[in-house]
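Participant: Predicted structure and sequence below. I'll ask about it afterward.
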Amino acid sequence: MSDKPREYCGIFGIFNHPDAALLTYYGLHALQHRGQESAGIVSAYYDEERNKHVMPSYKDFGLVLNVFNDRSVFESKLKGQMAIGHNRYSTMGAADNPANIQPFRVQYSGGNIAISHNGNLTNARQLRERFRQEGVLFQTSSDTELILHLISHSRKIKQIDQIMEALDQIRGAYSLVLQTDDKLIALRDPNGFRPLAIGKIDDAYMVASETCAFDIIGAEYVRDVKPGEVVVIDQNTVDTGEITSYALNDDQNHKATPCIFEYVYFSRPDSKIFGENVDKIRRKLGKRLAHEHPLNEVLKNTDSSYKPIVISVPDSSNTAALGYADESQKMGHDCKFEIGLIRNHYVGRTFISPGQKSREQKVRTKFNTVKGVLENRPVLIVDDSIVRGTTSRYLVKMIRRANPSEVHFLVSSPPITHPCFYGMDFPDPKELIANRFNKNIDEMARDIGVDSLNYLSPEGLVEAVKESDPEGSYCTACFTGDYPVKVNFEMEKEENEIV
C-alpha cells in the first residue's frame, strides 16, 4: 500500500553470547522496517550427543513478532552462542517461495555455512547460467544461493580462502553476514552501497544493518564494516579484542559510493549509518530545502491571515520537516511545525479495506488528518520522496477536506527518475511520476492536487550530506542515472522461480 521504494533486507549476526538467537530476534525486530515479507534465524553449536557441529534453523513468512511468537523455540531449537538472522523484502527471488526465506544454510565438504544477504548481485544471471551449464541444481530463485555455490565449488583448502575466492567473483551491491561452525564473517562490497556496522556487548560481538539493532539490546557501536572489507570474528577476537580483517580483491579500484537514499528514507532516524546519524542528516536536508525553496517564495501569492504551518508525512519525513520549519524561522519567516497527519501504526501488510480495495481507502486506513490544525491555514507538506504520486494525491485530498486555505508540497530529495540495480525496488520507470510528466513540476503539482510542488535539487541533496563528510561520495543513480557500477542487464524477480 506504500507509494515508497521498498526496503530490501535487514541482516544481523552475533558471536559468543549464551542467548545469541534471542538477541538476534530483538535485532531483527529493530530492523523490521527493512523487510516485512519473512524472517529467519540460524544458530550454531556443537552437539555433544551427535558429536558434530549443527546449525538449526527457524524461519517463515511474516513479521518477526509473528514468526517467533513461541519463545520456546529459543530454548529447544535455536541453541548455541552464535546466530545470524534476516528480514526479507524480495528484490530478487519470488516472494511466495518458502525456499527463498533467508538465512540460507548448507553443509558441504568444508563444514556448515549459513548466509544472510542485503543487496543485489549485478552479475547474477551470468553466474547462474555458468552453474546451469555445469549441471548445478538450484533450490531457490535468489541470487544469494549463488554465493554458496561459489564457496562450495572452490578448490581452496582453507574455508576462509574458499569464501574469499567466491567473493572475488560477485559484483554489485552486497552486505553479507556468514556463519561457519566457528566464525562470524561480515563484509561490504567495494562501493559500500549497503550499511553494515559492528557492535559489542560484554564479550559478545555482533554485526547489523543499522545501529538501532544494537540499541535494543544495550550493545555499543564499535565501527562500520568498511567498503571492500571482510571482517572475521572468532574466539581469537574474544580473547584478544582484535578483529581479523581482509580486503576484497578490487581490480577496478572502486570508489566508495554508499546509497544516499538510506539517509533520505530507508534507515531509521535513530540509527547511525555510514558513520553519521540519520536524524542529523535528515534535518540538514530539511534546512537545505528551506534555502532552495524559502517559505516566502512558496507562499508568494498567499493572502491568508493565518500563520502557515509545516507538517510532515509521518514517519520518515518528520525530521526533514522539522529542519525546514526551524531553518525557515531562523531565516525570519513566521511559521511553525505542527502535527497535521496522524499515522495508524497498527495497519498490517495483510489489512483488507472494508467494502473496497482502492488505494485511497488503504491510505485512509493508514493516515488521518487533524482538522483543527489544518483548517483555514496555508499548509506546507514535507515528504522525503514521491514515487508514483498516488499516495501523495490521496493524502492531499484528505488534507483538502480539512479546509486549509492552500496546500503546498515540498520534497527533501530530487525527483526519482531511474531504476535501482543495487538493492532498492522501484516501480517500472514508466510508473514514476517524474517520468510520466517528463519532470514538468507544474503538471506534477496539478496531478497530485497541490498549489505548488518543490523538490530538493540533486546538488542540494549531496551538499547537505557532505556537510558531515566533505570527502564523501554517494550513489545518486535513482535521481541522476549515474550508475557507479556498470550494469549490463536486470534480472527479473521471477526469472528463475522454481515451481
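Facilitator: Nice, I can see it. Numbering: from 1, shown residues only.

Participant: With adjacent residues omitted, what lies nearest to residue 428?
Facilitator: residue 419 (7.9 Å; C-beta to C-beta, 6 or more residues apart in numbering). Where C-beta positions appear, they are placed from N, C-alpha and C, glycine not excepted.

Participant: no no, residue 189
Facilitator: Spatial nearest neighbour of residue 189, chain neighbours left out: residue 174 (4.9 Å); criterion: C-beta to C-beta, 6+ apart.

Participant: What is the neighbour count of the residue nearest to residue 428?
Facilitator: Neighbours of residue 419 under the rule other C-beta atoms under 10 Å: 19.

Participant: Work out for me the element it sits within.
Facilitator: Counting by DSSP states H and E, no helix or strand carries residue 419.

Participant: on that earlier part again, quick one: residues contacting the residue nearest to residue 189.
Facilitator: By C-beta atoms under 8 Å, 6 or more residues apart in numbering, residue 174 lies in contact with 117-121, 187-189, 193-194.

Participant: Try it again at 10 Å.
Facilitator: By C-beta atoms under 10 Å, 6 or more residues apart in numbering, the contact list for residue 174 reads 117-122, 143-144, 147, 167, 187-189, 191, 193-194, 196, 422-423.

Participant: One more: residue 190?
Facilitator: 171, 226-229, 247-257, 485 are the contacts of residue 190 under C-beta under 10 Å, 6+ apart.

Participant: Narrow these to just the buried residues.
Facilitator: Buried members of the contacts of residue 190, counted by 16 or more other C-beta atoms under 10 Å: 171, 226-229, 248, 254, 256-257, 485.

Participant: From the residues you listed, pick the one nearest residue 75.
Facilitator: residue 229 (35.3 Å; C-beta to C-beta).

Participant: Could you identify the longest helix within this protein?
Facilitator: The residue-count maximum for a helix in the chain (DSSP state H) belongs to helix 278-292.

Participant: for that helix, the distance to its chain's centre please.
Facilitator: Distance, stretch centre to chain centre, for helix 278-292: 20 Å (C-alpha atoms, centre = their mean, to the nearest Å).

Participant: ok, now stretch 231-246?
Facilitator: Remark: stretch 231-246 is offset 27 Å from the chain centroid, using C-alpha atoms, centre = their mean.

Participant: Report all helices and strands that the lowest-mean-pLDDT helix or strand in the chain contacts.
Facilitator: Within the chain, no helix or strand scores below helix 359-366, which has a mean of 74 by mean pLDDT, DSSP states H and E. Packing contacts for helix 359-366, counted by 3 or more C-beta pairs under 10 Å, 6 or more residues apart in numbering; DSSP states H and E, involve strand 341-343, helix 390-401.

Participant: let's see 6 Å
Facilitator: Applying 3 or more C-beta pairs under 6 Å, 6 or more residues apart in numbering; DSSP states H and E, we find helix 359-366 packed against helix 390-401.

Participant: after the helix it packs on comes which helix or strand?
Facilitator: Counting by DSSP H and E, what follows helix 390-401 is strand 406-411.

Participant: Direction included, what does that following strand pair against?
Facilitator: Strand 406-411 pairs in its sheet with strand 378-383 (parallel), strand 452-455 (parallel), by DSSP bridges.

Participant: Look up which residues are beta-bridged to the residue nearest to residue 189.
Facilitator: Residue 174 has these beta-bridge partners by DSSP bridges: residue 119.

Participant: tell me the pLDDT at it?
Facilitator: pLDDT recorded at residue 174 is 94.

Participant: what's the answer for the one 4 residues further on, then?
Facilitator: Model confidence at residue 178, given as pLDDT, is 98.

Participant: Touching whichever helix or strand residue 146 is part of from outside, list them.
Facilitator: Using DSSP H and E, residue 146 falls within helix 144-152. Helix 144-152 has contacts (C-beta atoms under 6 Å, 6 or more residues apart in numbering) with 104, 106, 108, 117, 127, 131, 136, 162-163, 166, 169.

Participant: Buried among those? Need that as a selection in PyMOL.
Facilitator: In PyMOL, a selection of the buried entries from the contacts of helix 144-152 looks like this (16+ other C-beta under 10 Å):
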select buried, resi 104+106+117+127+131+162+163+166+169
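
Participant: Need the contacts of helix 144-152 in a markdown table (columns: pLDDT, distance to residue 214 and secondary structure).
Facilitator: Converted to a markdown table, the contacts of helix 144-152 look like this (pLDDT from 0 to 100; distance: C-beta to C-beta, whole Å; DSSP: H, G, I helix; E, B strand; the rest coil):
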| residue | pLDDT | distance to residue 214 | secondary structure |
| --- | --- | --- | --- |
| 104 | 96 | 24 | strand |
| 106 | 94 | 29 | strand |
| 108 | 93 | 32 | strand |
| 117 | 96 | 20 | strand |
| 127 | 93 | 33 | helix |
| 131 | 92 | 37 | helix |
| 136 | 90 | 38 | coil |
| 162 | 96 | 30 | helix |
| 163 | 96 | 25 | helix |
| 166 | 96 | 28 | helix |
| 169 | 95 | 32 | coil |
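
Participant: Tell me the one of the contacts of helix 144-152 nearest residue 331?
Facilitator: Of all the contacts of helix 144-152, residue 117 has the smallest distance to residue 331: 44.9 Å, by C-beta to C-beta.

Participant: show me what contacts the closest one?
Facilitator: Listed by C-beta under 6 Å, 6+ apart, the contact partners of residue 117 are 144, 176.

Participant: got it, and residue 484?
Facilitator: With C-beta under 6 Å, 6+ apart, residue 484 has these contacts: 191, 257, 475.
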